[in-house]
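Asker: here is my input; please provide its structure:
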Amino acid sequence: MNIHLIDEVIFAAHEAIPEHSTLVSRRGIEEQILKNKEIYPFLHPITTEYRRSVISRVMNSRYPAWSEQRGVHKSSFVWIMKNPEENQ
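Answerer: Predicted structure coming up:
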């Protein structure tokens, strides 16, 4: 995968984490990319389907999925970005 796409996904994920949260969603990452097209020159112009695929593949390779916890729907596109202690 293109290193520029990976870098942009990771940067967008960190920018998309809500304050006082440890989780980030694919939707939040995608909204960050669409709002700031000048910051994401590789991710913004690609198709929605491919962008979502790239986001999911990058995030799944680097962060644990929230859906791995009990009681969470398996198809949830949410990842744990930080330890809860980091938000204290």
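Asker: who does the least confident helix or strand in the chain by mean pLDDT touch, helix- and strand-wise?
Answerer: Counting by mean pLDDT, DSSP states H and E, the chain has its least confident helix or strand at strand 78-80, which shows a mean of 92. Packing contacts for strand 78-80, counted by 3 or more CB pairs under 8 Å, 6 or more residues apart in numbering; DSSP states H and E, involve strand 23-25. The C-beta positions use only the backbone N, C-alpha and C, and glycine is treated the same way.
Asker: which positions in the helix or strand just after the strand it packs on come out as buried?
Answerer: Following strand 23-25 in sequence order, the next helix or strand is helix 26-35 (DSSP states H and E). Within helix 26-35, the residues scored as buried using 16 or more other CB atoms under 10 Å are 26, 28, 29, 30, 32, 33.
Asker: ok, residue 33 - contacts?
Answerer: 8, 12, 40, 43, 44, 51 (CB atoms under 8 Å, 6 or more residues apart in numbering).
Asker: cool, residue 43 as well?
Answerer: Applying CB under 8 Å, 6+ apart, the residues contacting residue 43 are 5, 8, 9, 12, 33, 51, 54.
Asker: try 7 Å
Answerer: Counting by CB atoms under 7 Å, 6 or more residues apart in numbering, residue 43 touches 5, 8, 9, 33, 51, 54.
Asker: now the residues you listed as JSON lines including pLDDT?
Answerer: Formatted as JSON lines, those follow (pLDDT from 0 to 100):
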{"residue": "5", "pLDDT": "98"}
{"residue": "8", "pLDDT": "98"}
{"residue": "9", "pLDDT": "98"}
{"residue": "33", "pLDDT": "98"}
{"residue": "51", "pLDDT": "97"}
{"residue": "54", "pLDDT": "97"}
